[in-house]
Structure formats: C-alpha cells, structure tokens
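> structure for this input, please:
(chains A, B and C)
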Amino acid sequence: MKNYLKRILLLTSVLLFIFDAGVLAEQRLQVPLAYAPDAGKTLTRSPGKVRVDLETKEVTGRLADGVEYNFWTFGGTVPGPIIRIVEGDEVEFHLNNHPSSKMPHNIDLHAVTGPGGGAAASLTAPGHTSTFSFKALSAGLYVYHCATAPVGMHIANGMYGLILVEPEGGLPPVDREFYVVQSDFYTKGKYGQEGLQPFSMEKAIDEHADYVVFNGSVGAMVGDNAVRAKVGETVRLFIGNGGPNLVSSFHVIGEIFDTVYTEGGILPNQKNVQSTLIPAGGSAIVEFKVEVPGTLILVDHSIFRAFNKGAIAMIKVEGEDNSTVYSGKQADTIYLPEGGAIQEVLVASEESLTPMSHQERLSRGQRLYEQNCAACHQMEGQGIVGVFPPLASSDYLMEDLERAIGIVINGLEGEIIVNGERYNNIMPSQRLTDSDIANVIGYISNAWGNEGRLYSAPEVATIRASLKSH
Amino acid sequence: MKMIEQEKFWGTRKIWITIGLFWVFALQGVKAETPSDGFEKHLQLATMNAGEMSHEMSHGNHNAPESHSPGHANSVYQIDFTWETQSQQKIQSSDLRGKFQLVILAYTECSHACPILVADLKHIEGLIPKRIQEQVGFVFVSIDPERDTPDQLHQFSKKMDLGTGWHLLHGDSTAVMGMAALLGVKFRQEPDGSFSHSNLITLLDPEGKIVFRLEGLQQNPDALVHLIIENA
Amino acid sequence: MKLIWGKLFALIGVLIALVMNPQSVSGRELIKIPPGSYQSAYRNEGDPVQVQVDGFLMDALPVTNDQFFNFVKDDQRWRRSARNDLLADSHYLSHWKGDLDPAGPNHYLDSPVTNVSWFAAVEYCRSRGKRLPTINEWEYAASAGLTTLEGSGELGFNQYVLEWYSRPAPPVLPAVGNSARNFFGIGDMHGLIWEWVLDFNSILVSGESRGDGGLERELFCGAGAIRSANVNDYPAFMRFGLRSSLQARYTVNNLGFRCAADLLGSGINEND
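Below you'll find the predicted structure:
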C-alpha cells in the first residue's frame, strides 16, 4: 500500500515539475537597454521569447552650450537606447508614452517584417501603452524611429535609435564596442543662437541643417565625454544615422577601418576602408584595431558639418607609443584640401548693444570660445598635440596677445612653435565682431592658468585697422 | 548491520525529501504563473497567439497588425441602448447577455468588405461545435440607420442566408455612435452616401466584456474559436 | 417707491440683456459661427478640396475645471470615485485633489478641464443642452486667423501654432481666455490643449501614417484613399494623429473639450 502511494506521489511530482518547467519556458526574458555611447553586452544565448519595454518622452535639454531644445525621445535620450536581441527571437514589444507627452507616438523598427515595421500597431496616446509582437527574422543593425504624422518632425526632434539583431552565437568578439548615432537638427535661430530654440519646419524641408551632431548634442562625445580604449584593443562601432535628411560620410581621423559591415548588414564585406557612407535611416558597423595612443576623431567628412555644425566625437586611446606606426604627426589636409589660401569663417554674431560687466564679458567669451574655438583647441584649451596648438599656459599666446587678436581676425598658416612643439596647420580667420573678439581673447587669456587682461572693442578695432594697412 | 540499517533509514527519507522538494518547486512556479481568474490567463494567451500566428503566416506581405488589447474588463451592456431587430423586435443591448456574441459594425449597401466580414462570421459559425452552438450569437449593427430599416435588414439576412443565431440591429445615431465608441470601431459617411469603417470582429463574453478583437478581413479565427470552446 | 423703480430698472436691464445677447446670461459665451468652408488637411479621394460647413453655435472657450465641477456636483455618476472603467480610464480627473475638490497644483480652476474621456465630454455637453463639435466644425472654427478668416494666410500664424509643439508642457496649465480671440470670436483653439470632437473615431488611418495614401483595404472598408490636401498644415496633421490614437474611454492630461450646438431648436441649459 505504502509503495503504491509512493509511486503515485512520485509520478504526480514529476508531472508537476514538467508542467512547471513548461510554464517557466513561457516566461519572457526582459531585454536590457543600453544608452549611447554604451553598446550593451554581446549575446551568446539562443533565440527565445523576449520582452522589450520602451518609453517615449518629450524632454527639454541641451543641444549646444546655451542652446536648449525640446527633444522628443525614446528612453529620455537622443539617440534612444540600443536594443540587442538575437535572430529568431520572438519579441513582445511594449511602447509606453509618458503621460507628460503632448504628442502621440509610435515606432517603426526596421528590423520588423510587417506593416509599418510596427508603426500601425503601436500608435499610442500620451499616458497609454501599446503592445505588439514580432519575430526577428534577419540579423543586422537596424534603425528604429517614430512614424507618427508629421513623420519628418518626429524624427527631426530626436526619435530614433538602433536595434541590433545578432546572429545566433553573437558577432565575433572584440575588446570594445561603442554605440554612436549621427543626426541633424533644424532650429529657428542660427547655429549657436542661445535660448530655447523651436524646430524650423522650413529649414528641415530645405535640408538646411543648423546642427549635425553625434549622440544628440554638440560635444556629447568630446573631451571629458570621449570614450576610451587601450593600445592594442579591437574596437567595434555600431553607428546609426537618424537623419532626418543628411547622409553621413563617416570617417575616423587617425584610423582605417579594418572591417566594414556596409549599411549595417551582417556580412563583413569590406576591408581597409577610410570613409563609409551611412544612409539617413541606416547604419554601419566598423571595426579597427587601435595601434597607437592619442585621440581618434570621429567626423562626418562632409567637413563643414564637423567644424561648423558639431559633427565631432572622440575616442581617447591610451597606452604605449609605437613610433614605427606613427611618429607623431598627423595628416593636416583636412581643413583646406584644395590649397593654402586662408578662407574666412562666416560666423554671425550679434553686436551687443548693452554694455556688459566684466563677468558678463568673460561668460560671453567662454560661450564664444566653446562655439567657435573648442572644436580644435578643445574645451580646456589643451589643443591636440601635433595638430592644434594649446592655448592653456601657451607661451606663444601669452607673449603677444595683440598678435593673437590678429590671428583671430586674419587666420594663420605656416609653422609655429608652441610650448616646444611644432605646429604647421592652417587656422581660418574668424568673422567675429570687435567686441566678441575682445571677449573671447579676454576669456582665453584669463583661463586655464593664463594671466592676461581684458581688451576692449575699440582696441580690437585699432588692431584690425592696423593689420589692414599692411 | 548498523550500516545497512542506516542506509535504509536514509534511503526512504531521501526519496521523500526529493518528492517534497519537487512539490515546493512546482507549487512556486504554479503560483507565479496562474492568475487568479483562469479566464484572464486565456485572454493573455489569446492576444499573444493571434500575433504569433499572424506573423508566422506571412513574411513581409500585407498582414493585419496585432490587435490592441481591450483595455478594460467591463461589460459593454452597461450602456443599454435600444435597438430594433430584423424581425421588428425591440430589444436592449443587455438582452444579448448570456451568450458569446460576435459583433460587427457594417451596412447592407456595402459592396466590398462587408460581405467578406459576414462570410468571415459565417465561417466562424461553422467552426463552432454543435454542442455549444446555442451559446454563441452573431450581431450585425448597421451604421446606416437611414437606409438599413428593419425590413431592409430582414431582406439582407435572407440574401446572406443568416440563421436564427443572428441579430441585425437598427438603432438611432446615438446608439450607433455609442456602440462604435465602446468597441473602438472607426467609421464615417462619405459625401456620396457610402460609409467607410473598420473591418473588425469583436468577441463579447456572455457578460458583455470584450475578450477578443480580430482586425482585418479573412483573418485566421483559430485563436478566437479556441477561446470560445475553452470557456463555453 | 424708489425701491420699486430700482427693481423695475434692473428687470428691464436684464430683459434687454437677454434680448440682445441670449447666450451670455451666465457669462459663458456661445459664439455664432456663420456657414462657410475651410481647406481640410486630410480628405478622401473625390471629396472637394474645400469642406462646406453649416452655421452652428460654439463655446467661445474650452470647458473649465470649475464648470466640470458643477457638473459632477449634480451628477454623481461622473464623480471620480464612481468611475466606470468602461467609460473612463484610470487617470480620469486624476489632477483634482478630490471627488468634489477640483483644485490641484498643476492647474487653476479656470484652466481647461483635462483627464476626461469622450464619454464624459459627451455627457457634460448633453446635460447643458449642447453636444460636442464635429471635426469639420472644429477645424473650420480653428482655421480663422486673428484678423481674417484665413489663418494660414496671416504671416506667422502657422509658425505660431507649430511652436506650441516645440515647447515643453508648462508646469501649471494656464487659465482659459488669456489669448487673443480669433476672427470668429473663439479663443484658445491653439496653444493650450487638444480637444475632443464628436466623430473623433471617423479618421480611418491606421497609425502607420506613411501608408495613409491608400486606405488600407484590409483594415478599412471604404470609398478611397485619404490624401493630404495641404502639405503645409502640420498642426492639422498632428491633430489628426492625436485623434486617431484615441479610444473613447481614454483620458489624457492635455486633452479637454468645448461644446457646440445646432443653430435651431437648441435647448441650451446654462446652469453652470
């Protein structure tokens, strides 16, 4: 009798266990989201049932120094987070529209095969959630974006990101992976004009971008925000182009791409590439091994976007020198590929009519520096060794401030020696008003350990006039 | 002797401990997974299965998107509209209680989709096993009350060969608009007098709660039928 | 004697006011909108470009928290604690401190009432002898500029309307009536809140707006394709987009409403 009972108990337990395991298998894995420049972790799991929760939210934030913008976002950031899943995954997607949103939003994932890429099923009013399911049929690096009318405006305001569908087993391992998205912004005011800038539909239609940036704002991945790598490491970049309009000629100054997965496909189909095209609403994967220390500069090689609209990002490589690979000088043809004539930089700047205090002038000077000079001379005036001379504790600068003023007015070419280093680059002349030049020189000559004085606008005017007469 | 006895002592207990652990583990899993209302679990399954199935059916072709979940768990009969049926009977919405009801909003003059919608419903009717046929009804609410008088509805039901389980309803514009709002059906009248409307089949449970929405024409009704059979 | 004369004058004054302006007795104005037409941002194939609209009456301003409070005071079925999930979702009147306390930190009593569902809006208007405006009525009333009938023809009008969407939500929702009235005499059509309309569910677009050129034959049975008639009217696209994302029971914290009425035979009940 006892034996019989035992057998029954054993049998029911085993059956319950099987049922339980089956039920557990129904549970969905929550997909983690990673925010740029972090690219999340490589996946080695096999495909299964997963769940993604993504929030849309309208957030006011920094587009550039002194410039604010009302971004429409996925996950509260521009770009939205990177979603990593495996080919074959069955995804249950939850799109949550934050109650503070003004607009309804939806999502079109280029990884989805089905009407609108999910857009039809996911139109969500503020404060509500939509759910839809899809199967990730094809591995690759895909863009996702909002597709609510007017679509251009939703994208232009920042609603894009990348979804990586890894082949089963994951991509070949590398030491570092980073996530970068290029995009363009259109504001009512000009580049650098301060305050909360509204979106300009006219400029967006004309494809006349004011800002072209990596990861959602000017300087998002520059200086202290640069990512880091070590000499000898292999680096993989997942790069997206949210658009809305511009195609990117993506290039990393100081590197050649060892491998390129063109247009974000799953075939590593090209080697030894300098610049790769990333279509608007598209992506690319590039890999390279960093051989020497220094700063690698990511740019859109439609070059005025880099230096005048913000399309610059950086990877700081640390480690031992390797002088056979690189002796310490970098190619310097990027500024003026066609010749040695100094070109003028047109920077509109409004003449301030109200007199400013000493502090206001220094603040204004700092703003001007960050918008016009920091791209090359860097935020702390440290420059880039061998490429752009430093201004911080710079002997060349401080020994003759009037000469510096002249350089800002007229530009400079030819070899100079600053703090014992040779520099032979070309600085374009800056089209700034006299008072702005006085303010920016005032700022740099008083920052980072420099001890100078504040010039006045009339003094600058005098210098300008005397230079003309030469 | 002692060793063997010890072995025996632990032997049986080992088995009991393992069985006990199995039970603990199993019960934990069951508790976590089964919602208190068994019907709701089927609801979750229903919405998921529809999505999986519709996507497995086609890769990249036009295919209806996954239906939105109903969003609330209340009976639509709480708003008790008055209707007149094709047999000129006056009924209230709440009179539909007690059976599963498959509801569409359409009109008789419609030449394209409405005949297909009706055919879709008849197809589902055919899939319902005989033993529960009495528990399932079909409701056609006309969005064209001006032209779709009860008599016109009667003619239509004859033409489409609709059986006794069918109610074709005529209501005033408030009732029609209210029903559309409750079910999430979109419609509008065009300048030429025709109507544009969502192609949607809504399944109401015997209490009048929305438990399934099948969007589009000629959609696979298996999940919907399964839901009815499970809970009839 | 003097007292009687005073009262008589007062009575005559009231009678004159009634005769002159029958709608403004309680101070909540109804504006008469004359018949006319407007260019719809969306239209179906075969529809005329200009949509004709009959004359009708419309609230000058959106319904406020104060006015809605008067409504729920009388009709307890619409109080927050009595909420029926079929007719309003869980955020219904969530910005009020209590069932009968319409105040809250993020709005004034005179701010437009939000977090109300279509059913609630319909009921409110019905209780006042009015109704919700239709899409055509609302869009027509909104198309007027400040000084002319054609807002889109006025310099800066479109940009002004579009800029509302570029601004973040204000920490406190402003009161109604603080912006200039448009040419019809209606205020706050732009720049304050979204508004419910009677036939909000008549927009047969799927939410996949890039495919809206051809009315999805699968999802919608109907006459033809929806075309964009005016590609520059982005605010109108956005209003259409919002309406098509709504269900009748939804509440949204920047979606309110105003009432309208037919010109003839309206049993308007102004006991606000």
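
> show me the beta-bridge partners of A:Ala64.
Per DSSP bridges, the residues bridged to A:Ala64 are A:Val67.

> isn't it up against A:Gly216?
No: contact criterion Cβ atoms under 8 Å: A:Ala64 and A:Gly216 do not qualify, at 10.8 Å. For glycine as for every other residue, the C-beta is placed from the backbone atoms N, C-alpha and C.

> please state the offset of stretch C:131-144 from the chain centre?
Put simply, stretch C:131-144 sits 8 Å off its chain's centre (Cα atoms, centre = their mean, to the nearest Å).

> give the full set of residues in contact with the closest residue to A:Gly170 other than its chain neighbours.
Using Cβ to Cβ, 6 or more residues apart in numbering or on different chains and skipping residues adjacent in sequence, the residue nearest A:Gly170 is A:Thr42, 4.7 Å away. Taking Cβ atoms under 8 Å, 6 or more residues apart in numbering or on different chains, we find A:Thr42 in contact with A:Glu166, A:Gly170, A:Leu171, A:Pro173, A:Glu177.

> count the neighbours of the fourth one for me.
Summarising burial for A:Pro173: neighbours were counted as other Cβ atoms under 10 Å in any protein chain shown, giving 10.

> which element is residue 165 on?
Using chain A here. If you go by DSSP states H and E, A:Val165 is part of strand A:160-166.

> can you look at chain C instead?
Going by DSSP H and E, C:Tyr165 is part of helix C:157-166.

> and if you look at A:Arg7?
A:Arg7 belongs to helix A:2-26, assigned by DSSP H and E.

> burial measure for the residue in the stretch 351-470 of chain A that chain B sits nearest to, as a count.
Residue nearest to chain B within the stretch 351-470 of chain A (Cβ to the nearest Cβ): A:Ala375, separated by 44.3 Å. When neighbours are defined as other Cβ under 10 Å, A:Ala375 has 21 of them.

> could you measure from it over to chain C?
Using Cβ to the nearest Cβ, to the nearest Å, we find A:Ala375 at a distance of 27 Å from chain C.

> name the SS class of that residue, please.
Put simply, A:Ala375 is helix when judged by DSSP: H, G, I helix; E, B strand; the rest coil.

> who are the contact partners of it?
Contacts for A:Ala375 (Cβ under 8 Å, 6+ apart) come out as A:Ala306, A:Phe307, A:Ile312.

> what's near enough to touch the last one?
Yep, that's A:Ile312 we're talking about. Residues near A:Ile312 by Cβ under 8 Å, 6+ apart: A:Phe214, A:Gly219, A:Val222, A:Ile297, A:Leu298, A:Val299, A:Ala306, A:Ala375.

> try 10 Å this time
Going by Cβ atoms under 10 Å, 6 or more residues apart in numbering or on different chains, A:Ile312 touches A:212-214, A:218-222, A:253, A:297-300, A:305-306, A:374-376.

> now A:Val91
By Cβ under 10 Å, 6+ apart, the contact set of A:Val91 is A:28, A:31, A:49-52, A:83, A:85, A:109, A:111-112, A:118, A:132-136, A:163, A:165.

> and these near chain B, which?
By Cβ under 10 Å from any Cβ of the partner chain, the members of the contacts of A:Val91 lying near chain B are A:Arg28, A:Lys49, A:Val112, A:Gly118, A:Phe132, A:Ser133, A:Phe134, A:Lys135.

> is it correct that A:Glu58 falls within a helix?
No: according to three-state DSSP, A:Glu58 belongs to no helix; its state is strand.

> how near is it to chain C?
The spacing between A:Glu58 and chain C, counted by Cβ to the nearest Cβ, is 6 Å.

> what bridges to that residue?
Listed beta-bridge partners, A:Glu58: A:Trp72 (assigned using DSSP bridges).

> which residues touch it?
Contacts of A:Glu58 (Cβ under 10 Å, 6+ apart): A:70-73, A:76, A:97-98, A:100-103, A:105, A:126, A:157-159, C:165-169.

> just for the chain, where's the confidence low?
No chain specified, so I'll use chain A. Along chain A, the model assigns pLDDT under 70 to residues A:1, A:19-26, A:115-116, A:119-120, A:323, A:325-355, A:469-470.

> could you do chain C instead?
C:1-3, C:5-28, C:42-47, C:204-232, C:265-272.

> helices of that one, start to end?
C:2-20, C:65-74, C:118-127, C:135-142, C:157-166, C:234-244 (DSSP state H).

> could you chop chain B up by domain?
Taking automatic domain parsing as the reference, chain B has its domains at B:1-33, B:38-231.

> could you identify which of those domains is most buried?
Highest mean neighbour count of those: domain B:38-231, a mean of 18 (counted as mean count of other Cβ atoms under 10 Å in any protein chain shown).

> related to what we said a few turns ago, could you check how far the residue nearest to A:Gly170 is from A:Leu164?
To A:Leu164, A:Thr42 is 10 Å away according to Cβ to Cβ, to the nearest Å.

> identify the contacts common to these two.
Common contacts of A:Thr42 and A:Leu164 (Cβ under 10 Å, 6+ apart): A:Arg84, A:Leu171, A:Glu177.
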